[in-house]
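**Student:** Okay, here's the prediction I keep looking at, along with the sequence it came from:
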There are 2 protein chains.
Amino acid sequence: MMSISKLINENFPELRDRGLAAEISDSGRFIRVKEGEKLMDYGSEIVHMPLLISGALKILRMNKDASELILYYLQAGETCAMSLTCCLANQKSEIRAVAEEDSEIILLPAQLLDSWMLKYPTWKNFVMQTYQARFVELLNAIDSIAFKKMDERLLQYLIDKSTINNNHVLETTHQKIAEELNSTREVISRLLKQLENQEKIELGRNRIVVKF
Amino acid sequence: MMSISKLINENFPELRDRGLAAEISDSGRFIRVKEGEKLMDYGSEIVHMPLLISGALKILRMNKDASELILYYLQAGETCAMSLTCCLANQKSEIRAVAEEDSEIILLPAQLLDSWMLKYPTWKNFVMQTYQARFVELLNAIDSIAFKKMDERLLQYLIDKSTINNNHVLETTHQKIAEELNSTREVISRLLKQLENQEKIELGRNRIVVKF
DNA sequence: TGATAATGGTGATTAATGTCACTATGAAAA
DNA sequence: TTTTCATAGTGACATTAATCACCATTATCA
């Protein structure tokens, strides 16, 4: 396994700073998570901030009745804005984070992050950029659900998912898609059929090929 | 008119810091805006960050076809997270900000805000708290449009609006409500009628009384 | 005062989505 | 191999919201 220092250097160029790198090496913890593993859940305490080295996380919002909605994905070189706010404000998580694929992550302890803001302008800039990026992602999620119809949302979902997984072939079920879009299987099945007729995708069992 | 220092001291207790207060006094500019006045618009450059002294702003998201959607309100003692990200990242606005009522605002020049982050922990904490709060507001907006039906959203809208205006009597039209909820007048008229039948509101011309 | 515009009430219709019921098929397990 | 389960296809129907058409009332302006 590579050193934490090296991993940060390669995946987070904006964090290249001698002092900061040393602190991250000292206090960061490298972990691997399997696809489907939950990293944060609604209401859970957040004591770490995850820096994503490889793989991808999906960030979901849930309703009381357990229906959920995907907000956005995180990729290598990114981090979760929510854990930032939660870490700094000592609050419970407002979202769920699940590994979209097997991932490698460096966990940073919450209590240090705040002091780094003043100590390392590099860190402060990274944090602010993260906020900017996640803010924009949330606005995109809002655009999608407020202004788009389900067929458009579905196609965008498929494109996003295949981009994140770096694979035109998605191994998933209509049921799972319905859950992440806060819809129902039947609706998704029918819309997928439409997309297939439009030759934008090909359908198979547990399998969708996105043509783009 | 009160000094900027005094205004900040009274409305932003979390910014009480001798050095910071002096800088805000030096560089801040006090302005008044009338109800309905636009402070930021989609795509506009943001060169100031507004600290709200009195009144209220509403923050809206727009679609290409000019339909819009209210995201949240800002009140005295609050500021706009979007102008923060935009100021710091030198980006265009992603949202529209409109005065919900006559308001008093202190404008801070963008180029200073970043340096204050390192100089004044007080400022840094304020900025981080602002992000946390706006993040939560955006998630609430998402919950509302993703998981609630229009009648629930409408009632919540009326309650929020009367809370912000500190008045049970709202002077508005069905058309305007429809625009802010990204719906249509007829739908809103019918749902308002329902709410009136449920004795949750009373309707008049240009006038809705919220009973709660 | 009379004309015009803004506001809002309402029926009829359509479109989008969700719900229910049932079937078919392929995969995994007994 | 047989059984069972997960997956998905589809018709019928219900619900929510949007759209269209038209009218009534009130406010504003010439």
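**Tutor:** Cool, got the structure.
**Student:** Kindly confirm my reading that A:Val209 is in a strand.
**Tutor:** Yes. Looking at A:Val209 with DSSP: H, G, I helix; E, B strand; the rest coil, it is inside a strand.
**Student:** Do a quick rundown of the helices in chain A.
**Tutor:** A:4-11, A:18-27, A:81-89, A:110-119, A:121-147, A:150-165, A:174-180, A:185-197 (DSSP state H).
**Student:** how about the longest one: buried residues?
**Tutor:** Within helix A:121-147, the residues that qualify as buried by neighbour count (16 or more other CB atoms under 10 Å in any protein chain shown) are A:122-139, A:141-147. Backbone N, C-alpha and C define where each C-beta goes, glycine included.
**Student:** So that helix, near DNA strand D or not?
**Tutor:** No. Judged by CB under 7 Å from any atom of the strand, helix A:121-147 stays clear of DNA strand D, getting no closer than 9.6 Å.
**Student:** just how off-centre is that helix within its chain?
**Tutor:** With CA atoms, centre = their mean, to the nearest Å as the basis, helix A:121-147 stands 12 Å off its chain's centre.
**Student:** With the second one instead?
**Tutor:** Centroid displacement of helix A:18-27 relative to its chain, using CA atoms, centre = their mean, is 24 Å.
**Student:** of the helices of chain A, which approaches B:Ser25 most closely?
**Tutor:** B:Ser25 lies closest to helix A:110-119 among the helices of chain A, at 23.1 Å (CB to CB).
**Student:** tell me which residues of that closest one are tucked away?
**Tutor:** For helix A:110-119, the neighbour count (16+ other CB under 10 Å) marks A:Ala110, A:Leu112, A:Leu113, A:Asp114, A:Trp116, A:Met117, A:Lys119 as buried.
**Student:** tilt between that helix and helix B:121-147?
**Tutor:** Per axes from the mean of the first three to the mean of the last three CA atoms, to 10 degrees, the angle that helix A:110-119 makes with helix B:121-147 is 120 degrees.
**Student:** Give me the contacts around helix A:110-119.
**Tutor:** Outside helix A:110-119, the residues that touch it by CB atoms under 8 Å, 6 or more residues apart in numbering or on different chains are A:19-20, A:23, A:27, A:46-49, A:84, A:87-88, A:123-124, A:127, B:117-118, B:121, B:124, B:128.
**Student:** And the average pLDDT for that helix is what?
**Tutor:** The average pLDDT within helix A:110-119 is 91.
**Student:** Could you do stretch A:48-63 as well?
**Tutor:** When pLDDT is averaged over stretch A:48-63, the result is 96.
**Student:** Just the endpoints, please. Distance across that stretch?
**Tutor:** Stretch A:48-63 has an end-to-end distance of 24 Å (CA to CA, to the nearest Å).
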